[in-house]
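Asker: A structural model of the following input is requested.
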Amino acid sequence: MTLETLKRDVCGAIDALRGELVAASHAIHANPELAFEEKFAAALLTKALESHGLSVERGAYKVETAYASEFGVKGAPVMSLLSEYDALPGIGHASGHNIIATAGLGAALGLSKLGPKLTGRVRYMGTPAEERGGGKEVMAQHGAFDGVDASMMVHPAGVDMVTMPCIALAEVEVVYHGRAAHASAMAFRGLNALDALVTAYQTIAQLRQHIQQTERIHGIIVDGGMAPNIVPERASGRFYVRARDGVELAALKKRVQACFEAGALATGTRLEAKWGRVDCLDLKTNWPLAEAYEANAKATGRELLDPSTLPPGLAGSTDMGNVSHRVPSIHPMIAVSPPSVVMHNAEFTAYANSERGDQAIIDGAKALAMTTLDFFASAALREAAKADFAKSRDLSKAAVGSAFHKDGVLLGGACGCC
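Answerer: Numbers count the residues shown, from 1 in each chain. Below is the predicted model:
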């Protein structure tokens, strides 16, 4: 059987699944869940796999809302296909993870329908907590990508593109502990925790003038006190720190930590800085795989934008970066909205549940499945992907070593991917 025949068969199988995939996407969209809390989505997706005769491991790789299903030829090349399904606080699926979830599901189910005609092995995984907490890194620490030869997922956006510009990211929550007092009668008895946080915030603003153009620091004040006439004894904030790669991120984190400590020193308060257990790494796109994906996405009728035409500095972050430094990986974008609609916005939430979003599920599933078949069929593609990955193997090794902090906090409940 030829490769083109296999591709027609897998696309036909995905078309036959359209109603089920779209219904699942709409159900996940209607029930948004935050990082590490995705019980509804995980249950829905695992039941779908089982209904098609696939075995599933729930709570896979030590993450309660993760899952894994593996099928195909043992000992053959292994492609991991990934689904994300966590949402954002307040605006739901404004990153369209309902589409990521069901496109990954569709690709896996479509490939499973090939039965003995499938010449490789698929490891399909549900990966929670992309928006915050770095679920893929947590899973990787427990072997999720051991024995995997390549990995893929597809992310909705305003354009079609073979990659997503991504830089490394670290999360930190800071709490300042001061002493309450009457803000008018006995202010001299207080230690103002809000002043400490504001001082740190302003110090970080000054630091921004002296960091590289590829670096970012941004944050919010979460708790600033209870009443104007009480000296705040507690104040807290949440910050993201980003850099070009994991090595540069580690250096920038030290400078930001010094800003937090300056706030405490200036006010006599006590600082509690909770850095995340996981840093998201920059995305290392595997270009041979990306080129294969591009050809298959075009076969579905998609027009792909050249990434080099994007404005400088346009970049987000994702824990798929952590995967990409372990195995050859791609993280293409698939259009569900006009380019003018930005992710992490209520308008994008609506597009993630639109007819354009529904079509992206099918087209994305087909492109992933066909690229998987290319990978299985072509030893040349596998070797090219391996060689491309090896070009920066040493940097990847250093980056992976810097991404997990066993003494850090497993943060969950906000946003990371953009």
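Asker: which stretches of the stretch 101-250 of the chain form helices?
Answerer: With helices called from DSSP state H, counting those that start in this stretch, the stretch 101-250 of the chain shows them at 135-141, 193-207, 246-267.
Asker: in a markdown table: those, plus mean pLDDT and mean neighbour count.
Answerer: In short, each C-beta sits where N, CA and C put it, glycine included. Conversion of the helices of the stretch 101-250 of the chain to a markdown table gives the following (pLDDT from 0 to 100; neighbours: other C-beta atoms under 10 Å):
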| stretch | mean pLDDT | mean neighbour count |
| --- | --- | --- |
| helix 135-141 | 96 | 26 |
| helix 193-207 | 98 | 20 |
| helix 246-267 | 96 | 18 |
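Asker: closest to residue 352 out of those?
Answerer: With C-beta to C-beta as the criterion, residue 352 lies closest to helix 135-141 of the helices of the stretch 101-250 of the chain, at 19.6 Å.
Asker: just to revisit the earlier point, and the helices of the stretch 101-250 of the chain as TSV, adding distance to residue 219?
Answerer: Formatted as TSV, the helices of the stretch 101-250 of the chain follow (distance: least, C-beta to C-beta, whole Å):
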stretch	distance to residue 219
helix 135-141	22
helix 193-207	7
helix 246-267	9
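Asker: so which of the ones you listed gets nearest residue 338?
Answerer: Short answer: helix 135-141, nearest of those by C-beta to C-beta, at 29.4 Å.
Asker: now find how far off-centre that closest one is within its chain.
Answerer: Chain-centre distance of helix 135-141: 11 Å, with C-alpha atoms, centre = their mean, to the nearest Å.
Asker: now swap in stretch 391-403 and tell me
Answerer: On the basis of C-alpha atoms, centre = their mean, stretch 391-403 sits 18 Å off its chain's mean C-alpha point.
Asker: can you list contacts of it?
Answerer: Under the contact criterion C-beta atoms under 8 Å, 6 or more residues apart in numbering, stretch 391-403 has outside partners 134, 137, 168, 245-247, 249-250, 278-282, 284, 322, 325-326, 389.
Asker: in strands only, show me those.
Answerer: Residues of the contacts of stretch 391-403 located in strands (DSSP state E): residue 168.
Asker: and residue 370, how many residues sit next to it?
Answerer: Other residues near residue 370 come to 28 when the count uses other C-beta atoms under 10 Å.
Asker: before we move on, back to that, quick one: closest of the helices of the stretch 101-250 of the chain to residue 187.
Answerer: Proximity to residue 187, assessed across these by C-beta to C-beta, is greatest for helix 193-207 (11.1 Å).
Asker: show me how far the closest one is from its chain's centre.
Answerer: Its chain's C-alpha centre and that of helix 193-207 lie 29 Å apart, by C-alpha atoms, centre = their mean.
Asker: by how many degrees do that helix and helix 246-267 diverge?
Answerer: 140 degrees (axes from the mean of the first three to the mean of the last three C-alpha atoms, to 10 degrees).
Asker: which helices and strands does helix 193-207 pack with?
Answerer: strand 168-177, strand 216-223, strand 234-243, helix 246-267 (3 or more C-beta pairs under 8 Å, 6 or more residues apart in numbering; DSSP states H and E).
Asker: what's in contact with that helix?
Answerer: So helix 193-207 is in contact with 174, 176-178, 217, 219, 221, 224-225, 232-237, 239, 255-256, 259-260, 262-264, 266-267, 269, 271, going by C-beta under 8 Å, 6+ apart.
Asker: low-confidence ranges in this structure?
Answerer: By pLDDT under 70, the weakly predicted segments of the chain are 312-313, 411-418.
Asker: check contacts around the residue lying farthest from the centre of the chain.
Answerer: The outermost residue of the chain, judged against the average C-alpha position, is residue 185 (50.0 Å), by C-alpha atoms, centre = their mean. For residue 185, no residue meets the contact criterion (C-beta under 8 Å, 6+ apart).
Asker: residue 63 too?
Answerer: The contact partners of residue 63, by C-beta under 8 Å, 6+ apart, come to 36, 128-129, 135, 138-139, 142.
Asker: out of those residues, which comes closest to residue 78?
Answerer: Nearest to residue 78 out of the contacts of residue 63 is residue 139 (C-beta to C-beta; 15.3 Å).
Asker: without its sequence neighbours, what residue ends up closest to the closest one?
Answerer: residue 61 (4.0 Å; C-beta to C-beta, 6 or more residues apart in numbering).
Asker: and residue 351, by the same measure?
Answerer: Among residues not flanking residue 351 along the chain, residue 337 sits closest, at 3.8 Å (C-beta to C-beta, 6+ apart).
Asker: from residue 121, how far out is that neighbour?
Answerer: Per C-beta to C-beta, to the nearest Å, residue 337 is found 35 Å from residue 121.
Asker: looking at these two, which is more packed in?
Answerer: residue 337 (23 against 20).
Asker: now do the more buried one against residue 356, distance only.
Answerer: Residue 337 is 7 Å from residue 356, by C-beta to C-beta.
Asker: swap in residue 269?
Answerer: 50 Å.
Asker: pick out whichever of these two has more residues nearby.
Answerer: Between residue 269 and residue 356, counting by other C-beta under 10 Å, residue 269 is the more crowded of the two (26 against 16).
Asker: which residues does the more buried one contact?
Answerer: Residues near residue 269 by C-beta under 8 Å, 6+ apart: 176-178, 191-193, 195-196, 263.
Asker: switch the cut-off to 7 Å
Answerer: Shown in contact with residue 269 (C-beta atoms under 7 Å, 6 or more residues apart in numbering): 176-178, 191, 193, 196.
Asker: what of residue 166?
Answerer: By C-beta under 7 Å, 6+ apart, the residues touching residue 166 are 282-283, 315-318, 321.
Asker: please repeat the previous calculation with a cut-off of 10 Å.
Answerer: Contacts for residue 166 were tallied using C-beta atoms under 10 Å, 6 or more residues apart in numbering; they are 242, 280-285, 315-321, 324, 331, 417-418.
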